[in-house]
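**Q** Please find the sequence and the predicted model below.
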Amino acid sequence: METKAVKEKRLEDGRAAMAACYQGFDPAAYLQYNYTPPRADFCRRDSIVPWKLGCLHRAFTEEDITGGVLVDVGSGPTLYQVLSGCEVFERLVLTDFLEVNRRELRGWLQEQGTSSLDWTPYLQHVCKLEGRGVSAWSEKAARLRAVVSDVLPIDVHCPQPLAPGALPSPGADCLVSSFCLESVSPDLDAFTRALGHIGGLLRPGGHLLLIGALGESFYLGGPGVEIPVVPLDEAQVCGSLRESGYTLIRMEVYTLPPDMRVGVDDVSGIFFVKARKD
Ligand SMILES: C[S@@+](CC[C@H](N)C(=O)[O-])C[C@H]1O[C@@H](n2cnc3c(N)ncnc32)[C@H](O)[C@@H]1O
Ligand SMILES: O=[N+]([O-])c1ccc2c(c1)CN[C@@H](CO)C2
(Lines give C-alpha, C1' and ligand atoms only; values in the text may rest on other atoms or scores of the structure.)
(Ligands and ions follow the chains in the order given, each with its own letter.)
Protein backbone atom coordinates (compact mmCIF):
# COMPACT_ATOMS: atom_id res chain seq x y z
CA MET A 1 0.00 0.00 0.00
CA GLU A 2 1.47 3.37 -1.11
CA THR A 3 1.96 5.87 1.75
CA LYS A 4 0.62 9.42 1.29
CA ALA A 5 4.14 10.78 1.03
CA VAL A 6 5.16 8.25 -1.61
CA LYS A 7 1.98 9.01 -3.60
CA GLU A 8 2.63 12.78 -3.43
CA LYS A 9 6.23 12.22 -4.58
CA ARG A 10 5.02 10.08 -7.49
CA LEU A 11 2.52 12.74 -8.55
CA GLU A 12 5.13 15.51 -8.28
CA ASP A 13 7.66 13.52 -10.32
CA GLY A 14 4.96 12.90 -12.96
CA ARG A 15 4.12 16.60 -13.12
CA ALA A 16 7.76 17.61 -13.50
CA ALA A 17 8.37 15.04 -16.23
CA MET A 18 5.29 16.26 -18.13
CA ALA A 19 6.34 19.90 -17.79
CA ALA A 20 9.73 18.98 -19.23
CA CYS A 21 8.04 17.36 -22.26
CA TYR A 22 6.21 20.60 -22.97
CA GLN A 23 9.38 22.68 -23.21
CA GLY A 24 9.67 21.58 -26.84
CA PHE A 25 6.05 22.40 -27.75
CA ASP A 26 5.87 24.21 -31.12
CA PRO A 27 2.59 26.11 -31.62
CA ALA A 28 2.94 26.53 -35.39
CA ALA A 29 3.72 22.85 -35.93
CA TYR A 30 0.90 21.78 -33.62
CA LEU A 31 -1.57 23.93 -35.54
CA GLN A 32 -0.30 22.50 -38.85
CA TYR A 33 -0.66 18.90 -37.59
CA ASN A 34 -4.20 19.22 -36.25
CA TYR A 35 -5.94 22.30 -37.67
CA THR A 36 -5.40 21.97 -41.43
CA PRO A 37 -6.99 19.39 -43.78
CA PRO A 38 -7.91 16.57 -43.50
CA ARG A 39 -8.66 17.11 -39.79
CA ALA A 40 -9.91 20.63 -40.49
CA ASP A 41 -11.68 20.28 -43.85
CA PHE A 42 -14.88 22.32 -43.91
CA CYS A 43 -15.99 20.64 -47.14
CA ARG A 44 -16.02 17.17 -45.51
CA ARG A 45 -18.92 16.20 -43.28
CA ASP A 46 -16.73 13.61 -41.52
CA SER A 47 -13.83 15.95 -40.75
CA ILE A 48 -12.96 16.28 -37.06
CA VAL A 49 -12.93 20.05 -36.64
CA PRO A 50 -16.42 20.65 -38.12
CA TRP A 51 -17.69 17.94 -35.75
CA LYS A 52 -16.12 19.71 -32.75
CA LEU A 53 -17.47 23.11 -33.86
CA GLY A 54 -20.97 21.62 -34.23
CA CYS A 55 -20.84 20.15 -30.70
CA LEU A 56 -19.69 23.49 -29.27
CA HIS A 57 -22.31 25.49 -31.22
CA ARG A 58 -25.14 23.28 -29.97
CA ALA A 59 -23.90 23.29 -26.37
CA PHE A 60 -23.29 27.04 -26.15
CA THR A 61 -26.68 27.93 -27.71
CA GLU A 62 -28.85 25.74 -25.43
CA GLU A 63 -31.01 27.68 -23.00
CA ASP A 64 -29.22 26.40 -19.87
CA ILE A 65 -26.11 28.44 -20.73
CA THR A 66 -26.86 32.11 -20.10
CA GLY A 67 -23.65 34.14 -20.11
CA GLY A 68 -21.31 35.73 -17.57
CA VAL A 69 -17.70 34.57 -17.38
CA LEU A 70 -16.27 31.80 -19.59
CA VAL A 71 -12.80 30.36 -18.94
CA ASP A 72 -10.96 28.24 -21.53
CA VAL A 73 -8.58 25.84 -19.74
CA GLY A 74 -5.39 25.01 -21.62
CA SER A 75 -6.20 27.09 -24.71
CA GLY A 76 -2.92 26.29 -26.41
CA PRO A 77 -2.50 28.33 -29.63
CA THR A 78 -6.11 27.72 -30.72
CA LEU A 79 -9.27 29.84 -30.78
CA TYR A 80 -11.85 27.50 -32.36
CA GLN A 81 -13.09 26.36 -28.96
CA VAL A 82 -14.48 29.81 -28.06
CA LEU A 83 -15.95 30.96 -31.39
CA SER A 84 -19.49 30.05 -30.31
CA GLY A 85 -19.07 30.91 -26.64
CA CYS A 86 -17.84 34.44 -27.39
CA GLU A 87 -21.38 35.36 -28.54
CA VAL A 88 -22.97 34.26 -25.23
CA PHE A 89 -20.48 35.43 -22.58
CA GLU A 90 -19.59 38.98 -21.64
CA ARG A 91 -16.12 38.05 -20.39
CA LEU A 92 -13.77 35.38 -21.74
CA VAL A 93 -10.49 34.30 -20.13
CA LEU A 94 -8.00 32.29 -22.19
CA THR A 95 -5.30 30.32 -20.36
CA ASP A 96 -2.24 28.21 -21.03
CA PHE A 97 0.78 26.73 -19.27
CA LEU A 98 3.25 27.95 -21.89
CA GLU A 99 4.22 31.54 -22.72
CA VAL A 100 4.76 30.54 -26.37
CA ASN A 101 1.04 29.73 -26.59
CA ARG A 102 -0.10 32.80 -24.67
CA ARG A 103 2.04 34.92 -27.03
CA GLU A 104 0.43 33.22 -30.04
CA LEU A 105 -3.03 34.06 -28.70
CA ARG A 106 -2.13 37.66 -27.85
CA GLY A 107 -0.71 38.03 -31.37
CA TRP A 108 -4.11 37.31 -32.90
CA LEU A 109 -6.12 39.20 -30.29
CA GLN A 110 -4.46 42.56 -30.91
CA GLU A 111 -6.14 44.77 -33.52
CA GLN A 112 -5.60 43.32 -37.03
CA GLY A 113 -3.62 40.63 -35.24
CA THR A 114 -2.38 37.52 -36.99
CA SER A 115 -1.62 33.96 -35.90
CA SER A 116 0.40 31.03 -37.26
CA LEU A 117 -2.94 29.78 -38.59
CA ASP A 118 -5.58 31.73 -40.56
CA TRP A 119 -8.71 31.43 -38.42
CA THR A 120 -10.98 32.99 -41.08
CA PRO A 121 -12.42 29.64 -42.37
CA TYR A 122 -13.23 28.75 -38.73
CA LEU A 123 -14.96 32.09 -38.13
CA GLN A 124 -16.91 31.69 -41.38
CA HIS A 125 -17.97 28.11 -40.53
CA VAL A 126 -19.29 29.09 -37.11
CA CYS A 127 -21.16 32.06 -38.65
CA LYS A 128 -22.85 29.57 -40.99
CA LEU A 129 -23.81 27.38 -38.02
CA GLU A 130 -25.36 30.49 -36.44
CA GLY A 131 -27.42 31.17 -39.56
CA ARG A 132 -25.45 34.34 -40.35
CA GLY A 133 -23.85 35.03 -43.72
CA VAL A 134 -20.19 34.01 -43.87
CA SER A 135 -19.42 37.71 -44.40
CA ALA A 136 -20.24 38.15 -40.70
CA TRP A 137 -16.89 36.52 -39.89
CA SER A 138 -15.21 39.89 -39.33
CA GLU A 139 -17.94 40.86 -36.85
CA LYS A 140 -17.35 37.60 -34.98
CA ALA A 141 -13.60 38.30 -34.93
CA ALA A 142 -14.30 41.76 -33.51
CA ARG A 143 -16.65 40.27 -30.89
CA LEU A 144 -14.01 37.73 -29.84
CA ARG A 145 -11.34 40.40 -29.54
CA ALA A 146 -13.73 42.53 -27.49
CA VAL A 147 -14.77 39.90 -24.93
CA VAL A 148 -11.35 38.32 -24.19
CA SER A 149 -10.28 40.10 -21.01
CA ASP A 150 -7.14 38.08 -20.15
CA VAL A 151 -4.66 35.48 -21.42
CA LEU A 152 -3.39 33.92 -18.19
CA PRO A 153 -0.90 31.28 -17.04
CA ILE A 154 -2.54 28.10 -15.71
CA ASP A 155 -1.46 24.80 -14.16
CA VAL A 156 -4.25 22.25 -13.81
CA HIS A 157 -2.11 20.18 -11.42
CA CYS A 158 -2.30 22.96 -8.83
CA PRO A 159 -5.30 22.93 -6.49
CA GLN A 160 -5.62 26.61 -7.47
CA PRO A 161 -4.87 26.47 -11.22
CA LEU A 162 -5.02 30.27 -11.67
CA ALA A 163 -3.47 33.09 -9.65
CA PRO A 164 -5.61 34.23 -6.70
CA GLY A 165 -8.09 36.94 -7.69
CA ALA A 166 -8.01 36.03 -11.40
CA LEU A 167 -11.77 35.38 -11.39
CA PRO A 168 -14.72 36.95 -9.57
CA SER A 169 -15.40 35.25 -6.23
CA PRO A 170 -18.39 33.04 -7.20
CA GLY A 171 -16.18 31.56 -9.93
CA ALA A 172 -16.67 31.26 -13.66
CA ASP A 173 -20.12 30.53 -15.06
CA CYS A 174 -18.72 28.09 -17.63
CA LEU A 175 -15.47 26.28 -18.42
CA VAL A 176 -14.42 24.96 -21.78
CA SER A 177 -11.34 22.78 -22.18
CA SER A 178 -10.13 20.81 -25.16
CA PHE A 179 -7.40 18.17 -25.35
CA CYS A 180 -5.77 19.49 -22.21
CA LEU A 181 -6.29 17.33 -19.13
CA GLU A 182 -5.48 13.94 -20.67
CA SER A 183 -2.53 15.48 -22.55
CA VAL A 184 -0.87 16.83 -19.41
CA SER A 185 -1.64 14.05 -16.89
CA PRO A 186 0.74 11.12 -16.40
CA ASP A 187 -2.09 8.80 -15.31
CA LEU A 188 -5.82 8.55 -14.64
CA ASP A 189 -5.41 9.62 -11.01
CA ALA A 190 -3.76 12.88 -12.10
CA PHE A 191 -6.45 13.41 -14.77
CA THR A 192 -9.20 13.05 -12.18
CA ARG A 193 -7.43 15.36 -9.72
CA ALA A 194 -6.98 17.98 -12.47
CA LEU A 195 -10.72 17.78 -13.22
CA GLY A 196 -11.35 18.53 -9.56
CA HIS A 197 -8.87 21.43 -9.58
CA ILE A 198 -10.49 23.17 -12.54
CA GLY A 199 -13.88 22.54 -10.92
CA GLY A 200 -12.71 24.91 -8.21
CA LEU A 201 -12.72 27.69 -10.85
CA LEU A 202 -16.44 27.10 -11.57
CA ARG A 203 -19.43 28.25 -9.55
CA PRO A 204 -21.85 25.52 -8.36
CA GLY A 205 -24.37 24.88 -11.15
CA GLY A 206 -21.90 26.16 -13.73
CA HIS A 207 -21.21 24.17 -16.89
CA LEU A 208 -18.16 22.30 -18.14
CA LEU A 209 -17.70 21.67 -21.87
CA LEU A 210 -14.88 19.14 -22.20
CA ILE A 211 -13.36 17.86 -25.43
CA GLY A 212 -10.76 15.12 -25.23
CA ALA A 213 -8.95 12.22 -26.82
CA LEU A 214 -9.98 8.60 -26.45
CA GLY A 215 -7.43 5.79 -26.61
CA GLU A 216 -4.52 8.13 -27.19
CA SER A 217 -1.08 7.37 -25.70
CA PHE A 218 1.02 10.09 -27.36
CA TYR A 219 0.94 13.06 -29.70
CA LEU A 220 3.53 15.23 -31.46
CA GLY A 221 3.80 18.70 -29.92
CA GLY A 222 6.33 19.61 -32.59
CA PRO A 223 8.88 17.89 -34.86
CA GLY A 224 10.25 15.00 -32.80
CA VAL A 225 8.45 16.25 -29.66
CA GLU A 226 6.52 13.21 -28.49
CA ILE A 227 4.23 14.01 -25.56
CA PRO A 228 2.68 11.18 -23.53
CA VAL A 229 -1.10 11.10 -23.08
CA VAL A 230 -3.09 9.06 -20.58
CA PRO A 231 -5.24 6.71 -22.70
CA LEU A 232 -8.92 7.11 -21.70
CA ASP A 233 -12.12 5.30 -22.54
CA GLU A 234 -15.65 6.67 -22.19
CA ALA A 235 -16.30 4.86 -18.89
CA GLN A 236 -13.15 6.34 -17.33
CA VAL A 237 -14.13 9.86 -18.43
CA CYS A 238 -17.62 9.42 -16.93
CA GLY A 239 -16.16 7.97 -13.71
CA SER A 240 -13.67 10.84 -13.34
CA LEU A 241 -16.42 13.42 -13.90
CA ARG A 242 -18.60 11.81 -11.23
CA GLU A 243 -15.66 11.46 -8.82
CA SER A 244 -14.69 15.13 -9.20
CA GLY A 245 -18.15 16.58 -8.57
CA TYR A 246 -19.87 16.91 -11.94
CA THR A 247 -23.19 15.64 -13.25
CA LEU A 248 -22.94 14.45 -16.84
CA ILE A 249 -25.55 16.03 -19.14
CA ARG A 250 -24.38 14.27 -22.30
CA MET A 251 -21.38 12.72 -24.02
CA GLU A 252 -20.96 12.62 -27.81
CA VAL A 253 -18.23 10.52 -29.44
CA TYR A 254 -16.48 10.79 -32.81
CA THR A 255 -14.55 7.77 -34.12
CA LEU A 256 -11.68 8.63 -36.44
CA PRO A 257 -11.94 7.23 -39.98
CA PRO A 258 -8.62 5.86 -41.30
CA ASP A 259 -7.68 8.98 -43.30
CA MET A 260 -7.94 11.16 -40.19
CA ARG A 261 -5.12 9.14 -38.64
CA VAL A 262 -2.24 11.20 -40.01
CA GLY A 263 0.66 10.01 -37.88
CA VAL A 264 0.84 12.91 -35.41
CA ASP A 265 -0.78 10.88 -32.62
CA ASP A 266 -2.51 7.54 -32.05
CA VAL A 267 -5.91 8.92 -31.05
CA SER A 268 -8.80 6.60 -31.91
CA GLY A 269 -11.78 8.73 -30.91
CA ILE A 270 -12.82 12.10 -29.53
CA PHE A 271 -15.36 12.80 -26.80
CA PHE A 272 -17.45 15.89 -26.26
CA VAL A 273 -18.92 16.25 -22.77
CA LYS A 274 -21.44 18.74 -21.44
CA ALA A 275 -21.60 18.53 -17.65
CA ARG A 276 -22.73 20.63 -14.71
CA LYS A 277 -20.87 21.21 -11.43
CA ASP A 278 -22.85 19.77 -8.50
C1 LIG B 1 -2.93 19.23 -26.79
S2 LIG B 1 -2.78 20.91 -26.34
C3 LIG B 1 -4.49 21.50 -26.46
C4 LIG B 1 -4.57 22.84 -27.09
C5 LIG B 1 -5.97 23.32 -27.48
N6 LIG B 1 -6.85 23.43 -26.31
C7 LIG B 1 -6.64 22.45 -28.54
O8 LIG B 1 -7.84 22.20 -28.41
O9 LIG B 1 -5.97 22.06 -29.48
C10 LIG B 1 -2.53 20.81 -24.59
C11 LIG B 1 -2.26 22.15 -23.95
O12 LIG B 1 -2.10 22.00 -22.54
C13 LIG B 1 -1.11 22.93 -22.09
N14 LIG B 1 -0.57 22.46 -20.80
C15 LIG B 1 0.56 21.76 -20.58
N16 LIG B 1 0.72 21.52 -19.27
C17 LIG B 1 -0.33 22.11 -18.63
C18 LIG B 1 -0.73 22.23 -17.28
N19 LIG B 1 -0.02 21.68 -16.28
N20 LIG B 1 -1.87 22.91 -17.00
C21 LIG B 1 -2.61 23.46 -18.00
N22 LIG B 1 -2.29 23.38 -19.31
C23 LIG B 1 -1.16 22.70 -19.61
C24 LIG B 1 -0.09 22.96 -23.20
O25 LIG B 1 0.72 24.11 -23.14
C26 LIG B 1 -0.98 22.86 -24.44
O27 LIG B 1 -1.31 24.14 -24.92
O1 LIG C 1 -8.34 16.03 -34.84
N2 LIG C 1 -8.30 17.06 -34.14
O3 LIG C 1 -9.01 18.07 -34.34
C4 LIG C 1 -7.38 17.07 -33.04
C5 LIG C 1 -7.02 18.29 -32.51
C6 LIG C 1 -6.12 18.30 -31.45
C7 LIG C 1 -5.60 17.13 -30.93
C8 LIG C 1 -5.99 15.90 -31.47
C9 LIG C 1 -6.89 15.87 -32.54
C10 LIG C 1 -5.49 14.62 -30.90
N11 LIG C 1 -4.34 14.80 -30.07
C12 LIG C 1 -4.52 15.88 -29.11
C13 LIG C 1 -3.39 15.93 -28.12
O14 LIG C 1 -3.63 14.98 -27.15
C15 LIG C 1 -4.63 17.20 -29.81
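**A** Sure, I can see it. Residues are numbered from 1 along each chain as shown. Ligands and ions are numbered 1, 2, ... in the order given.

**Q** Please count neighbours and contacts with C-alpha atoms only from this point.
**A** Fine.

**Q** Helices of this protein, start to end?
**A** For the chain, the helices defined by DSSP state H occupy 4-21, 27-34, 48-60, 99-109, 120-129, 137-147, 181-184, 188-199, 234-243.

**Q** Check those helices for me: which has the lowest mean pLDDT.
**A** Ranked by mean pLDDT, the helices of the chain end with helix 4-21 at the bottom, a mean of 90.

**Q** Going by neighbour count, list what's buried in that one.
**A** Neighbour counts over helix 4-21 (16 or more other Cα atoms under 10 Å) mark 11, 14-15, 18-19, 21 as buried.

**Q** Show the pLDDT at the spatially closest residue to residue 34 that is not a sequence neighbour.
**A** Nearest non-adjacent residue to residue 34, counting by Cα to Cα, 6 or more residues apart in numbering: residue 40, 7.3 Å away. You'll see residue 40 listed with a pLDDT of 98.

**Q** Please tell me I have it right and residue 40 contacts residue 51.
**A** No - if you go by Cα atoms under 8 Å, residue 40 and residue 51 don't touch, sitting 9.5 Å apart.

**Q** With distance to ligand 1 added, can I get the buried residues of helix 4-21 in JSON lines?
**A** Listed next are those as JSON lines, based on distance: Cα to the nearest ligand atom, whole Å:
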{"residue": "11", "distance to ligand 1": "12"}
{"residue": "14", "distance to ligand 1": "11"}
{"residue": "15", "distance to ligand 1": "7"}
{"residue": "18", "distance to ligand 1": "7"}
{"residue": "19", "distance to ligand 1": "6"}
{"residue": "21", "distance to ligand 1": "9"}
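
**Q** Spit out the contact partners of the residue nearest to residue 34.
**A** 34, 47-50 (Cα atoms under 8 Å, 6 or more residues apart in numbering).

**Q** Mind picking the one among these that's closest to residue 228?
**A** residue 34 (16.5 Å; Cα to Cα).

**Q** What's the local residue count around that closest one?
**A** Using other Cα atoms under 10 Å, residue 34 has 18 other residues around it.

**Q** What separation do you get for it and ligand 2?
**A** Residue 34 is 5 Å from ligand 2, where distance means Cα to the nearest ligand atom, to the nearest Å.

**Q** near ligand 1, which residues of the stretch 151-278 of the chain show up?
**A** Taking Cα under 6 Å from any ligand atom as the criterion, the stretch 151-278 of the chain approaches ligand 1 at residues 154-157, 178-180, 183-184.

**Q** As CSV, these with neighbour count would be great.
**A** Shown next, in CSV, are these (neighbours: other Cα atoms under 10 Å):
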residue, neighbour count
154, 20
155, 22
156, 24
157, 21
178, 23
179, 19
180, 21
183, 23
184, 26
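
**Q** In a markdown table, list those residues along with distance to residue 214.
**A** Shown next, in a markdown table, are those (distance: Cα to Cα, whole Å):
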| residue | distance to residue 214 |
| --- | --- |
| 154 | 23 |
| 155 | 22 |
| 156 | 19 |
| 157 | 21 |
| 178 | 12 |
| 179 | 10 |
| 180 | 12 |
| 183 | 11 |
| 184 | 14 |
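
**Q** from those residues, which single one is nearest residue 57?
**A** The closest of these, once distances to residue 57 are taken by Cα to Cα, is residue 178, at 14.4 Å.

**Q** can you pull the contacts of the closest one?
**A** Here residue 178 is in contact with 73-75, 81, 210-212 (Cα under 8 Å, 6+ apart).
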